[in-house]
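Using only what follows, build the 3D model:
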Amino acid sequence: MAYFPMYLNSAVLVLFSCDLCLVRGNRPPSPVNVTVTQLKANSATVSWDVPEGDIIIGYAILQQRQDGQMQRFIREVNTTNRACVLWDLEEDTDYIIQVQSIGLHSESQASKRVHFRTLKETDRLPSNSSNQGEITVEGVDKERQLETGEIIIIIVVLLMWAAVIALFCRQYDIIKDNDSNNNKEKTKPSSEQSTPERHTGGLLRKKKAPSVNIIEV
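Residues are numbered from 1 along each chain as shown. Next up, the predicted model:
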């Protein structure tokens, strides 16, 4: 009878080992390629990959400060997301995260630890991105203003050339009319002077003194 408790303990150990083997056999694989992106002063985004072949219905994330003063456990099921946004972080602080996959029957082992450090308040990405956007918009506006100014200059030059050509044509017509008028005035005096000469010639002929015959005795 003294050996009965020993046999019982052995049987319990065997059953416990079998349960552990079954649980480990049903566990999904641990997440891989755990990375932290979009670092900011108070937030960050953690993403990961899951090996194919297993049904994953959710994830669990263990977040803690490196000094161990604060821990947070995030668990979400009925989702196929492979990323999560970590909020309410402290600026310029070191953190450690681990990710677990949640399967139909159990959870996977935790992934490798990933260390990251949040940014300072002055190094926030939104402020930098907004400044870059403003610079880009200002550059576009300046280019548009330059293009508009060039078009206006071209139009003004064309109008000036059109005005110069119109003025030249008008002056040419005036000069041409003056030349024709001068030619007409030159031809009129010559015709008028020819007529009196003929008249005077006729008059001279009419006033010609009569011949006097002198008879000597």
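
I'd guessed residue 50 sits against residue 81; true?
No - taking C-beta atoms under 8 Å as the definition, residue 50 is not a contact partner of residue 81, at 10.7 Å. C-beta here means a position set from N, CA and C on the backbone, and glycine is covered the same way.

Looking at those two, which has the bigger crowd around it?
Legend: neighbour count by other C-beta atoms under 10 Å for residue 50 and residue 81, higher for residue 50 (19 against 9).

ok, the more buried one to residue 103 distance?
10 Å (C-beta to C-beta, to the nearest Å).

Between these two, which contacts overlap?
With contacts defined as C-beta atoms under 8 Å, 6 or more residues apart in numbering, the residues adjacent to both residue 50 and residue 103 are 28, 56.

quick one, domains of the chain?
26-123, 124-183 (automatic domain parsing).

would you say residue 36 is within a strand?
Yes - assessed by DSSP: H, G, I helix; E, B strand; the rest coil, residue 36 belongs to a strand.

Quick check: which element contains the spatially closest residue to it that is not a sequence neighbour?
Nearest residue to residue 36, sequence neighbours excluded (C-beta to C-beta, 6 or more residues apart in numbering): residue 116, at 4.3 Å. Per DSSP states H and E: residue 116 is located in strand 114-117.

Show me the contact partners of that strand.
34-36, 39, 44, 46, 66, 92-98.

Relative to residue 86, which of those residues is nearest.
Taking C-beta to C-beta as the measure, residue 44 is the one of the contacts of strand 114-117 closest to residue 86, at 5.0 Å.

From residue 79, how far out is the closest one?
19 Å.

which one of those two has more residues nearby?
Neighbour count, other C-beta under 10 Å: between residue 44 and residue 79, residue 44 has more, with 22 against 12.

Let me see the ranges of the strands in this protein.
With DSSP state E as the criterion, the chain has strands at 32-37, 44-49, 58-65, 71-77, 83-86, 94-102, 114-117.

and among these, the most buried is which?
Among the strands of the chain, strand 94-102 has the highest mean neighbour count (mean count of other C-beta atoms under 10 Å), at a mean of 20.

Can you add distance to residue 169 and pLDDT and give the contacts of strand 114-117 back as JSON lines?
JSON lines is the format used below for those (distance: C-beta to C-beta, whole Å; pLDDT from 0 to 100):
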{"residue": "34", "distance to residue 169": "83", "pLDDT": "96"}
{"residue": "35", "distance to residue 169": "77", "pLDDT": "96"}
{"residue": "36", "distance to residue 169": "78", "pLDDT": "96"}
{"residue": "39", "distance to residue 169": "73", "pLDDT": "94"}
{"residue": "44", "distance to residue 169": "76", "pLDDT": "96"}
{"residue": "46", "distance to residue 169": "79", "pLDDT": "96"}
{"residue": "66", "distance to residue 169": "88", "pLDDT": "91"}
{"residue": "92", "distance to residue 169": "78", "pLDDT": "94"}
{"residue": "93", "distance to residue 169": "82", "pLDDT": "95"}
{"residue": "94", "distance to residue 169": "84", "pLDDT": "96"}
{"residue": "95", "distance to residue 169": "83", "pLDDT": "97"}
{"residue": "96", "distance to residue 169": "88", "pLDDT": "96"}
{"residue": "97", "distance to residue 169": "84", "pLDDT": "96"}
{"residue": "98", "distance to residue 169": "89", "pLDDT": "96"}
